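>>> Based on what follows, work out the 3D shape:
(one chain, ligands or ions: 1)
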Amino acid sequence: MRVATYHGRSHLVATVGSAGATVLDLAAVSDGQFGPDPRSVFDDWTAIQKWYEATAPDIDSHGLSADPHALGPPSPDARQVFAIGLNYRDHADESRLAYPESPMVFTKFVTSFAGPVGNLVLPSDTVDWEAELVVVIGCTASRVSPDEAPSHIAGFTVGQDFSDRALQLAGPAPQFSLGKSWPGFAPQGPWLVTADDLGAEVDDLDITCTVNGEVMQQGSTRDLIFPVNELVSRLSHVTTLLPGDVIFTGTPAGVGSGRTPPKFLRDGDVVESTISGIGTLRQFCSAAT
Ligand code: ZN
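Predicted structure coming up:
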């Protein structure tokens, strides 16, 4: 099952092709049982999955062609947003930092969320890219084991953890969250994909980021230091994870600040972030005026 936010309402994704996706309003197809509010979809996640499996709604023949600019993040008003730093060894290496012994956690404030396709206003000349697998929680998780994690996950989407490096690293004890939370710094989408629809294990997905068509990042979720189920388990042993909560799982090597000389985003750049089995984000950069 694939679920998208379209014009602010929850939609099922029927087909995905080169011409784009077709979507169907969840409230309409479920006769008002579920949706349209995306938050309510995660509160009802277990029931929606059962309904979907039992009724096999005929979404393929009723889909409407989706304008990609009207897609939003799959969980647009998450109550908690977690982001994990240094979760790939090659990215820790390029950052010249030691591998973490427990997950390094910060947040991206929810007002930085954006849909999968759109403009990114560059607030400074040190904005960097980080393509990431994003996990969305499907039911309340407290002190779950890694084996129990999958039944608490709704699905997966693509995220960009845009980062203003100067702001992120300012001060004597850098605090990442503000520098990663300018408006538009957390685009996600194009839709949420459940584990059974990924076409591969979540720990075996290719993740790529290009800038103006040039490959900058090319990694695999195989190389996560703390894989998805381990992350959900560890976070749930401190906080209680809530339906719709979002976890940015970290980025592989190839960010601009790790290059010699460093490379940052400029007016006119196009950033594309892709994860196999899910889809692609596309941001068009413009300088702040
Ligand atoms: Zn990141």
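>>> In this protein, which residue sits nearest the ion?
Residue nearest to the ion within the chain (Cβ to the ion): Asp161, separated by 3.3 Å. C-betas here are computed from N, CA, C, even on glycine.
>>> give the contact list for the nearest residue to Pro187 once chain neighbours are set aside.
In this structure, Pro187 finds its nearest non-sequential neighbour in Ala114, 4.2 Å apart by Cβ to Cβ, 6 or more residues apart in numbering. Residues near Ala114 by Cβ atoms under 8 Å, 6 or more residues apart in numbering: 72-73, 120, 183-188.
>>> cool, and Val202?
133, 156, 195, 221, 228.
>>> Which neighbours in the sheet does the helix or strand that contains Cys209 have, and how are they oriented?
Of the helices and strands defined by DSSP states H and E, Cys209 is found in strand 206-211. Taking DSSP bridges as the criterion, strand 206-211 forms sheet pairs with strand 214-220 (antiparallel), strand 270-275 (antiparallel).
>>> Give me the contact list for it.
129-133, 160, 215-221, 252, 254, 263, 265, 269-276.
>>> Give me the buried subset of the residues you listed.
Among those, those classed as buried by neighbour count (16 or more other Cβ atoms under 10 Å) are 129-133, 160, 216-217, 219-221, 252, 254, 263, 265, 269, 271-275.
>>> where exactly do the strands run in the stretch 51-200 of the chain?
64-65, 71-72, 81-85, 104-106, 113-114, 117-122, 127-128, 131-137, 153-160, 163-164, 186-193 (DSSP state E, counting those that start in this stretch).
>>> For Gly258, find the nearest of those strands.
strand 127-128 (8.9 Å; Cβ to Cβ).
>>> Please name every helix or strand in contact with that closest one.
strand 163-164 (3 or more Cβ pairs under 8 Å, 6 or more residues apart in numbering; DSSP states H and E).
>>> and the strand it packs on, anywhere near the ion?
No: using Cβ under 5 Å from the ion, we find that strand 163-164 stays clear of the ion, coming within 6.7 Å at best.
>>> which sections of this protein are below the confidence cut-off?
For the chain, residues meeting the criterion pLDDT under 70 lie at 60-61.
>>> Do I have it right that Phe109 meets Trp182?
No: using Cβ atoms under 8 Å, Phe109 is not in contact with Trp182, being 9.6 Å away.
>>> For these two, indicate the residue with more neighbours.
Neighbour tally, Phe109 and Trp182, criterion other Cβ atoms under 10 Å: the higher count belongs to Trp182, 23 against 15.
>>> ok, that one touching Asp164?
Yes: using Cβ under 8 Å, Trp182 is in contact with Asp164, at 6.2 Å.
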